[in-house]
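[1] I would like to see how this sequence folds:
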Amino acid sequence: MQNETLIAGFGGQGVLFAGKVLAHAALELGLEVTWFPSYGPEMRGGTANCTVIFSDEEIGSPQVLNPTSIVVMNQPSLDKYENLVRKDGYLVVDTSMTNRAVERKDIHAICLPATESAEEIGDKRLANVVLLGALIRASNYFGQAELENALKKSLEGKKEELVASNIIALQHGFEYNS
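    Here you go, the predicted structure:
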């Protein structure tokens, strides 16, 4: 079993953090993992994406042509990556930040207003975790407990006070697909 997930959006939306959480969750299960970030020269507002591959076998390359799943956090990412999702794969879209519906019918589209949901929680920066929860719920790659543990590990130290709000955001993503 090998899974390739691409997460894309603007810098500052937590794209790389979402990828790290996904990678930590896979590591918790003893899987082989790669985390491959890519971002423009701007810290905030530029393009950012990362690819996370996890597998029960050795991973040959961190580069992926047709990911199993893609999470898009803005319109440019939807336009750029929708056609790359593997047939029967998952496309998770933040409808708060996009202005059109998913066009492909041969994939599983999970469309939710993640930024609006995150604002209800109290911080729009939690949209990345809402989307991650929706992906994991729909795909069943692993469970909510693994993601919660990964969030805790990813926020250890200076950011531990953010664990509770991130777990609430994760729950919002899981509940959206219920």
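[2] so where's this structure shaky on pLDDT?
    40-45, 177-178 (pLDDT under 70).
[3] Grab the most central residue of it for me.
    Nearest residue to the geometric centre of the chain (Cα atoms, centre = their mean): Leu132, 4.2 Å.
[4] Contact partners for it?
    Contact partners of Leu132, counting by Cβ atoms under 8 Å, 6 or more residues apart in numbering, are 18, 21-22, 71, 147, 170, 173. All C-beta spots, glycine's among them, are computed from the backbone N, C-alpha and C.
[5] Quick one: mark the members of those that sit in helices.
    Cross-referencing the contacts of Leu132 against helices under DSSP state H gives 18, 21-22, 147, 170, 173.
[6] Nearest to Met1 among those?
    Leu22 (15.0 Å; Cβ to Cβ).
[7] Kindly reformat the contacts of Leu132 as a markdown table containing distance to Tyr90 and neighbour count.
    Formatted as a markdown table, those follow (distance: Cβ to Cβ, whole Å; neighbours: other Cβ atoms under 10 Å):
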| residue | distance to Tyr90 | neighbour count |
| --- | --- | --- |
| Ala18 | 14 | 25 |
| Val21 | 17 | 29 |
| Leu22 | 13 | 30 |
| Val71 | 9 | 30 |
| Leu147 | 15 | 27 |
| Leu170 | 17 | 24 |
| Gly173 | 13 | 29 |
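[8] Would you double-check that Gln13 falls in a strand?
    No: with DSSP: H, G, I helix; E, B strand; the rest coil as the criterion, Gln13 is located in coil rather than a strand.
[9] Could you tell me how far it is located from Glu146?
    23 Å (Cβ to Cβ, to the nearest Å).
[10] who's more crowded, those two?
    Higher neighbour count among Gln13 and Glu146: Gln13, with 26 against 19, using other Cβ atoms under 10 Å.
[11] which residues sit in contact with Asn3?
    53-55, 68-69, 141 are the contacts of Asn3 under Cβ under 8 Å, 6+ apart.
[12] That concludes my questions; thank you for your assistance.
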